[in-house]
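*Asks:* Pasting the sequence and the predicted model now:
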Amino acid sequence: MAQLNIWDVNWYLDEAQCPCDVHFLKYLEAEGHRDRTIFHFGTGGHHVVGLRCHEARTGNVVFGITASPPEHDDYEKLIIERPEVGRTYKVLFGDIYQLDARLLPDFDIVTLFHVGEFRTEKNDAYGALTDDEMVRLLVGKLKGPRLVAFYDGSYAFDVAERITATMTKEGVLEPVGAFESLRIFRSVARA
């Protein structure tokens, strides 16, 4: 029997090595995004996106996903100690490649900073989605401004580039621009 492909590491905030979460928070502020529903792939043990969105009081709410048991443990501790954060920030433990669109709400903004970094043959053993299928599923859940952000500093950014190039050619995505290490696209149609 196959076991879930997990990431048994707790990623602490290291802006020098991986600034995407901090850049995303700056992007939200610079663009004046308020009252947005955000899907965030890869919360990190720091949970900075969910925490700062809560603390900024902009009305932005975050639904995160992590396949790291230690990161999810830190989330549990966070909302036990600060239950008010749990109102605007939820974290699902699981494999993003097992998402089912029927179980998800619509989102205004989706962050897919780590596309291609965790998908391996271990996911194949239980019929998980491919990177392309997962991106299309989440793009299909976009409403409102319909934005999706990728991180160009990822060691697997070539996967995101391949997928976004195909989806742009198909007329599903259009490039919106860049913000620091982020590449932003808009969904032009439901995928």
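*Replies:* Looks like it arrived, so ask away.
*Asks:* What residues sit buried inside the lowest-mean-pLDDT helix or strand in the chain?
*Replies:* Ranked by mean pLDDT, DSSP states H and E, the weakest helix or strand in the chain is helix 121-124, scoring a mean of 92. Going by neighbour count (16 or more other CB atoms under 10 Å), the buried part of helix 121-124 is Asn123. Bear in mind the C-beta positions are built from the backbone N, C-alpha and C, glycine included.
*Asks:* those helices in this structure, which residues are they?
*Replies:* Counting by DSSP state H, residue ranges of the helices within the chain are 20-31, 48-56, 69-81, 121-124, 131-139, 157-169.
*Asks:* Make CSV out of these and add distance to Arg183.
*Replies:* Output for those, formatted as CSV (distance: least, CB to CB, whole Å):
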stretch, distance to Arg183
helix 20-31, 10
helix 48-56, 17
helix 69-81, 24
helix 121-124, 24
helix 131-139, 13
helix 157-169, 7
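*Asks:* Tell me how far His33 lies from Val61.
*Replies:* 12 Å (CB to CB, to the nearest Å).
*Asks:* With Tyr27 instead?
*Replies:* 17 Å.
*Asks:* and if you look at Asp73?
*Replies:* With distances taken as CB to CB, Asp73 is found 22 Å from Val61.
*Asks:* Between the two, which is the more surrounded one?
*Replies:* More crowded of Asp73 and Val61, by other CB atoms under 10 Å: Val61, with 19 against 13.
*Asks:* Could I get the contacting residues of the nearest residue to the more buried one once chain neighbours are set aside?
*Replies:* Spatially, and ignoring its direct neighbours in sequence, Val61 is nearest to Thr88 (4.6 Å; CB to CB, 6 or more residues apart in numbering). The contact partners of Thr88, taken as CB atoms under 8 Å, 6 or more residues apart in numbering, are 50, 53-54, 60-62.
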